[in-house]
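Novice: Need coordinates for the following:
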Amino acid sequence: MIKIAITGGIGSGKSYIAQQMTELLGIPVYDSDANAKRLNEESPIIRQGLIEIVGAGVYDHQGKLNKALLASYLFANAENAARINALIHPIVKQDFLQWAESQNSQIVAIETAILKESGIDQIVDKVIRVDAPIELRIERAIKRDGATKEQILRRIAQQQDYPTPDIIINNV
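Specialist: Numbering: from 1, shown residues only. Predicted structure coming up:
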């Protein structure tokens, strides 16, 4: 089985390229953001770890993740991001591998903004990097996330450089 990573910075168009790969080529794509959110709710290991790192308020009285609190902690500084990443990424990586094995396809892909930080770069065969001009990326992310330009710039600053891709797609 060939595993492809679709990566790029915030607002670069990764989701669009992933959607096209599925619709046009029939390649199943694992959405790491969506699955990380699911695992944040479902995984007892992540739940306990987030409570220990961020505090009990990271989940509300109904057991739902307080996304605003987690985001404010996560994007406050690189050390906080590293703590959260060390907790969540290994579980997402394992979930992807299990998902990939369950697919009836010779090629699968994973959409992820954080290729190196998650360790996904170590388990894929090919890397597609999606890129777009920085102002367009910021505009897309503000519209999609309802965040400020400053918040988006902080997120961009915390993303590591990408390894040399096999393919670059400029998504303008």
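Novice: Test my guess that residue 117 contacts residue 89.
Specialist: Yes. Counting by CB atoms under 8 Å, residue 89 is a contact partner of residue 117 at 6.6 Å. All C-beta atoms are positioned from the backbone trio N, CA, C, and that covers glycine.
Novice: List the buried residues for the helix ranked longest in the chain?
Specialist: What stands out as the longest helix in the chain, according to DSSP state H, is helix 78-102. Residues of helix 78-102 classed as buried: 80-81, 83-85, 87-89, 91-93, 95-96, 100 (neighbour count, 16 or more other CB atoms under 10 Å).
Novice: between those, which is closest to residue 28?
Specialist: residue 100 (8.4 Å; CB to CB).
Novice: List the residues that contact that closest one.
Specialist: 1, 3, 30, 108 (CB atoms under 8 Å, 6 or more residues apart in numbering).
Novice: where along this protein do the helices fall?
Specialist: With DSSP H as the criterion, the chain has helices at 14-25, 32-42, 44-54, 67-74, 78-102, 115-118, 134-145, 149-158.
Novice: Kindly list the main-chain dihedrals of the residue of the chain positioned farthest from its centre?
Specialist: What lies farthest from the middle of the chain is residue 61; by CA atoms, centre = their mean that is 26.5 Å. The phi/psi pair for residue 61 (degrees, to the nearest 10) reads phi -70, psi -20.
Novice: Roughly how far does it sit from residue 41?
Specialist: Here the criterion is CB to CB, to the nearest Å. By it, residue 61 lies 14 Å from residue 41.
Novice: distance of residue 88 from residue 56?
Specialist: 18 Å.
Novice: Neighbours of residue 46, how many?
Specialist: Neighbourhood size, residue 46 [other CB atoms under 10 Å]: 19.
Novice: same deal with residue 170?
Specialist: The number of residues packed near residue 170 is 11, by other CB under 10 Å.
Novice: how deep is the residue nearest to it when sequence neighbours are not counted tucked in, by neighbour count?
Specialist: Spatial nearest neighbour of residue 170, chain neighbours left out: residue 131 (5.5 Å); criterion: CB to CB, 6 or more residues apart in numbering. By other CB under 10 Å, 19 other residues sit near residue 131.
Novice: Residue 44 now?
Specialist: For residue 44, the neighbour count with other CB under 10 Å is 7.
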